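J.: Provide a 3D model corresponding to the input given below.
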Amino acid sequence: MRAAPFLLTALLVTACGPGPSEPAAAPAAAPVATPDPNGWAFAIGKNSVEMAWMTETMPDGSPLRLVCARNAGLMVEAGTLTHIASEERLSIGAGDTVVALVAVAAEGARGPVIRATGAADEALLTALTDGGPISISYGAQTYGPLAAPGPAVRRAFAETCRKLNAGTPT
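T.: Okay, here's the model as predicted:
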């Protein structure tokens with residue numbers, strides 16, 4: 001008789017479960033992460049190194065490019081800023097470090113850009129390596145802050161830029 005309560009409990013549990021016409025509920029599928037279409041592209045050549053911010057909204061171009069060329073310092077191209085006739089300076093910042101470059105309206109590979117050039121400033125290269133957010137300003141226009149590229153890209157860009165501007169082959 002002692003087995004009767006256990007048998008009754010087992011029958012009740014079985015009776016309350018899904019029947020043959022009621023399949024058990026499938027577990028909820030985990031959400032699939034969508035990769036971020038925005039990010040940094042990196043290229044290195046014999047005479048230059050480049051980091052370009054790529055976006056989904058500008059698939060054929062880059063709204064921001066940083067190029068360091070042999071004995072030519074740093075060049076920044078901004079494809080999203082509008083030329084201001086009275087403005088001659090573009091500022092680029094990484095973290096808390098900001099450097100001013102001489103800016104002109106130019107024609108880039110994919111249309112008009114603001115092109116700014118100047119020395120490959122050691123403080124800026126160090127700030128880029130440290131990984132602070134990157135942003136630019138031109139007159140009242142700004143772009144960023146953008147998340148810094150990964151550590152290997154930051155380090156490679158800064159080290160190569162130093163070598164290129166010291167006359168050392170890459």
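
J.: ok, the residue nearest to residue 118 when sequence neighbours are not counted - contacts?
T.: In space, and not counting its chain neighbours, residue 118 is closest to residue 101: 3.9 Å by C-beta to C-beta, 6 or more residues apart in numbering. For the C-beta atoms, the positions are set from N, CA and C on the backbone; glycine is no exception. Counting by C-beta atoms under 8 Å, 6 or more residues apart in numbering, residue 101 makes contact with 74, 76, 89-92, 116-118.

J.: next, count neighbours for residue 141.
T.: 15 (other C-beta atoms under 10 Å).

J.: show me the beta-bridge partners of it.
T.: In this entry, residue 141 is beta-bridged to residue 138, by DSSP bridges.

J.: for the protein, longest helix please?
T.: helix 151-166 (DSSP state H).

J.: ranges for the strands of this protein?
T.: 39-44, 48-54, 64-69, 73-78, 89-94, 97-108, 111-118, 134-138, 141-146 (DSSP state E).

J.: packing partners of the third one?
T.: Based on contacts counted as 3 or more C-beta pairs under 8 Å, 6 or more residues apart in numbering; DSSP states H and E, the elements that strand 64-69 packs against are strand 48-54, strand 73-78, strand 141-146, helix 151-166.
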